[in-house]
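Asker: Here is a sequence with its predicted model. Questions after.
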Amino acid sequence: MSRAEADKADASRAGVSRADVCVVACAEAFRGDGEILAAGIGGAVTVLGARLARLTFEPDLITHDGNCLLTGDVPALGGRPEVVEGWLPFRDHLWLVLNGRRHVMLGASQMDRYGNSNISCIGDWRRPRAQLLGVRGAPGNTRCDPTSYWIPRHSPKVFVPRVDMVSGLGTDRGAYDLRRVVTNLAVLDFRTPDGSMRLASVHPGVSVAEVVEATGFELRVGDDVPETRGPTPEEARVLEEVLDPRGARHKEVAG
Amino acid sequence: MTKVMSVADVAASVESGMTVGIGGWGSRRKPMALVRGLLDTPVRDLTLVSYGGPDVGMLCAAGKVRRVVAPFVTLDSIPLEPHFRRARQNGTIEFTEYDEGMFMFGLLAAAHRLPFLPTRAGLGSDVMRVNPGLRTVRSPYEDGEELVAVPALTMDVALVHLNRADRRGNAQYLGPDPFLDDLYAKAAGRCYVSCERLVDTADLLKEGPVQSLLISRSMVAGVVEAPGGAGFTACEPDYGRDEDEQRRYASTPWEDYREQG
């Protein structure tokens, strides 16, 4: 058994928490990214994912403090950095989006089977039933940068046949590179011939049927869907002792 | 020459139907004293250009707004702005919804006196659908790429709040992020700066490096000393966001909030 396999077996025996699985799945989105900005959109899980990747298997990643400091060290969630290695005010963040040396993990209120996402409004745009944030940077992010998503509540209300306002681009509208969608139930990607959404893995304790049931469009499902990996002992330690000793991640993950 | 004015002077100079740019970002360093000044005037039918926060919310709630041009309106720690939401859901305002990067290119175009600037941000999204007036341009070079031609976000008046300014309008930020405040100043016919504290020109560099001198007096029509003038939004390092006060704003019916002051 390889070291990685042994770690996996250990984690599985220990009965890992769903939140830890989600953070690791978010961290995995950044694997291989190298010296680019890993931008979590906020909250606990995406930010922890980027920082965990940097502290373990992707050490060249650049991470920020949630405002405009690029941190030289990797502080705990909500903590201040002791070392600052760079400055990225909003104007430069907007430059970086066009430059492309950035991988962002966004949220979405709605998403369709090609990964078109909506954070703008629900209902008819002209007079919405619910005004949400507005498109923010999602159009430019998805057109110019690798993009992943974190969806804390996988449900047919989020995964819909058609989104009301395309904020982030799907694979059928010219997305630059949609990497993966991590939810509280599963990891989804777009590695299919037509770029539609595929069930890449289910989290431990979740069935394929459960994911299909919670998705409001036809999901590509292979014959043998793997299980999402849990944290290695080292990843579990970093999460628990270094990055999130207060356990904020557990409050953000349903199920 | 001094350009020192009062909040009421600035508010009185804004006319109905004008386009007003408002600096800051979300619920950060918003010129709230100047915005509240506008609430006390009969002005209406404004077009607001803003990375929107409670500035947009308050002016919508007070019935001052015809159109909002923005990529978002948020209170940051409270994601959805209640009064902007209501105005959109009741259909009482028009909305020009842009991507954040498109919006900056609109400011840059206006600041440089260009009719537009091209960008990829926005292409393929419903921003193009809901703004049928947006045009694209094709690169005249070999690549031939099609890009969005973001029109200049030219404005009649800009309102910004900075940490320090002198009496002639040189203005300085001391927090970590300048936001796009200098671009608003350059994009506007007239820019009014409110500040936490007026200082002598000779004292400007006592608190920050020369790079913190964000706005030159040649871009500024008037200066207002307004301590706490960004509150309840954040104005680092002078003060952070007043979260209690923001919660009260977001949870109180507008008429009651106005009465309570």
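Answerer: Looks like it came in fine.

Asker: mind checking how far the residue of the stretch 1-150 of chain A found nearest chain B is from B:Phe103?
Answerer: For the stretch 1-150 of chain A, the residue closest to chain B is A:Gly140, as judged by CB to the nearest CB, at 2.9 Å. Backbone N, C-alpha and C define where each C-beta goes, glycine included. As judged by CB to CB, to the nearest Å, A:Gly140 and B:Phe103 stand 10 Å apart.

Asker: Neighbour count for these two, which is higher?
Answerer: A:Gly140 (32 against 26; other CB atoms under 10 Å in any protein chain shown).

Asker: you'd agree A:Ser196 is in a helix?
Answerer: No. Applying DSSP: H, G, I helix; E, B strand; the rest coil, one finds A:Ser196 to be coil, outside a helix.

Asker: Give me the three-state assignment for the residue nearest to it when sequence neighbours are not counted.
Answerer: Nearest non-adjacent residue to A:Ser196, counting by CB to CB, 6 or more residues apart in numbering or on different chains: A:Arg113, 4.8 Å away. Following three-state DSSP, we place A:Arg113 in the coil state.

Asker: Thought B:Val127 was touching the residue of the stretch 1-150 of chain A closest to chain B, still the case?
Answerer: No. Contact between A:Gly140 and B:Val127 fails when scored by CB atoms under 8 Å: they sit 9.6 Å apart.

Asker: any idea of the pLDDT on A:Gly43?
Answerer: As predicted, A:Gly43 sits at a pLDDT of 83.

Asker: what's the spacing between the residue lying closest to it once chain neighbours are set aside and A:Ala108?
Answerer: Distances taken as CB to CB, 6+ apart place A:Glu252 nearest to A:Gly43, at 5.6 Å, with adjacent residues excluded. Here the criterion is CB to CB. By it, A:Glu252 lies 15 Å from A:Ala108.

Asker: In terms of neighbours, single out the busier of those two.
Answerer: A:Ala108 (22 against 18).

Asker: In contact with the nearest residue to the more buried one once chain neighbours are set aside: list those residues for me.
Answerer: The shortest distance from A:Ala108 to any non-neighbouring residue, by CB to CB, 6+ apart, is to A:Ser117 (3.8 Å). Neighbour list for A:Ser117: A:106, A:108, A:110-111, A:138, A:142, A:149, A:163, A:166-168, A:170 [criterion: CB atoms under 8 Å, 6 or more residues apart in numbering or on different chains].

Asker: What are the phi and psi values at the residue of the stretch 1-150 of chain A closest to chain B?
Answerer: As for A:Gly140, its main-chain torsions (degrees, to the nearest 10) stand at phi -70, psi -40.

Asker: Let me know the pLDDT of it.
Answerer: What the model reports for A:Gly140 is a pLDDT of 98.

Asker: For chain B, just list every one of the strands.
Answerer: B:19-22, B:46-50, B:65-70, B:94-97, B:116-119, B:135-138, B:146-151, B:155-165, B:171-172, B:188-198, B:213-215, B:222-225 (DSSP state E).

Asker: ugh, typo on my part, it should be the stretch 101-250 of chain A
Answerer: For the stretch 101-250 of chain A, strands defined by DSSP state E, counting those that start in this stretch occupy the ranges A:102-106, A:110-111, A:117-118, A:121-122, A:130-131, A:146-151, A:177-183, A:186-189, A:198-202.

Asker: Out of those, indicate the one that is most buried.
Answerer: Most buried of those, by mean neighbour count (mean count of other CB atoms under 10 Å in any protein chain shown): strand A:117-118, with a mean of 28.
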